[in-house]
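J.: coords below, sequence missing:
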């Protein structure tokens, strides 16, 4: 939220400093009102909804200061999502401000956090073995299995698709991104599942996934991109994105 909310002191020079804190009772609203999460404020993270007031942030300069404020929702277990409509209030954050001099002119503010678009916000998730897997291929034209699996805290239908830069019209051969000094020519990397080469953006169903790990069944192999293949290094970066069905 620091990208959208800034505050400053009208006097400047730290003459009459404003002291600001967030107030207990700040909570999710609308479709998210039954959910919990955490709130980051001024270098401290608090459980959200707030059951206590936060620490105090001092503002004494005229230069607009982005508020050190972030809001997180905690997954509830099952992979899935909640529909949030455009214009819906999803959280209310109460703020208290008092200045140094005199009575301090105390003020109370309420920030209504409103969804700009209609979205499905994930409220739970599945877990993969690793978010970064390195696979070493044997010499051309060898292949290697990719040790990657997924499991969910409760039953959920999942599919996945691949992404990355490709060099062929079928979008099945991922570009060789090795340094030019050692780069092999005429070859890239392809991923296979059950003997079939996968294209980027092609949805692959995993069926129903639960607490037992389901292997993706992927293997990496070389994909020829030219009539001639020269010796050298082959390296590709390939993304795997999961979809809740």
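T.: Perfect, thanks for sending it. Note that the coordinates shown come from a computational prediction; the quantities given were computed from them, not determined experimentally.

J.: which SSE is residue 39 in?
T.: Per DSSP states H and E, residue 39 falls inside strand 37-41.

J.: contacting residues around residue 58?
T.: Contacts for residue 58 (CB atoms under 8 Å, 6 or more residues apart in numbering) come out as 17-20. (Glycine included, C-beta is placed from N, CA and C.)

J.: Recalculate using a threshold of 10 Å.
T.: Listed by CB atoms under 10 Å, 6 or more residues apart in numbering, the contact partners of residue 58 are 9, 14, 17-20, 42, 100.

J.: Show the buried residues in those residues.
T.: For the contacts of residue 58, a burial check counting by 16 or more other CB atoms under 10 Å picks out 9, 17-20.

J.: Which one of those residues is nearest to residue 228?
T.: residue 20 (67.2 Å; CB to CB).

J.: in the chain, what spans have low per-residue confidence?
T.: Applying pLDDT under 70 to the chain flags residues 75-81, 120-125.

J.: any idea how it splits into domains?
T.: For the chain, automatic domain parsing gives the domain ranges 6-124, 126-244.

J.: May I see the buried residues of the longest strand seen in the chain?
T.: The longest strand of the chain (DSSP state E) is strand 89-99. Buried residues in strand 89-99, counting neighbours by 16+ other CB under 10 Å, are found at 89-97, 99.

J.: Ok, stretch 1-12 next?
T.: Applying 16+ other CB under 10 Å to stretch 1-12 flags 1, 9 as buried.

J.: Can you list the strands that the strand holding residue 39 pairs with?
T.: Sheet partners assigned to strand 37-41 using DSSP bridges are listed as strand 44-48 (antiparallel), strand 69-73 (antiparallel).

J.: and the helix or strand following the first one, how far out from the chain's middle?
T.: Looking back up the chat, that one is strand 44-48. Going down the chain from strand 44-48, the next helix or strand is strand 57-59, by DSSP H and E. Mean-position distance between strand 57-59 and its chain equals 30 Å (CA atoms, centre = their mean, to the nearest Å).

J.: before we move on, what about stretch 196-204?
T.: 23 Å.

J.: mind listing what's buried in that stretch?
T.: Buried, per 16+ other CB under 10 Å, within stretch 196-204: 198-200, 204.

J.: quick check, nearest of the residues you listed to residue 172?
T.: Scanning the buried residues of stretch 196-204 for proximity to residue 172, where the rule is CB to CB, the winner is residue 199, at 5.0 Å.

J.: Correct me if wrong: that closest one contacts residue 223.
T.: No. Taking contacts as CB atoms under 10 Å, residue 199 lies outside contact range of residue 223: 11.2 Å.

J.: what sits in contact with each of these two?
T.: 166, 168, 170, 172-173, 190-191.

J.: Could you tell me which of those are located in strands?
T.: 190-191.

J.: What subset of the shared contacts of residue 199 and residue 223 is buried?
T.: 166, 172-173, 190-191.

J.: that older thread, using a markdown table, lay out the strands paired with strand 37-41 together with mean neighbour count and distance to residue 208.
T.: Output for the strands paired with strand 37-41, formatted as a markdown table (neighbours: other CB atoms under 10 Å; distance: least, CB to CB, whole Å):
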| stretch | mean neighbour count | distance to residue 208 |
| --- | --- | --- |
| strand 44-48 | 15 | 32 |
| strand 69-73 | 15 | 25 |
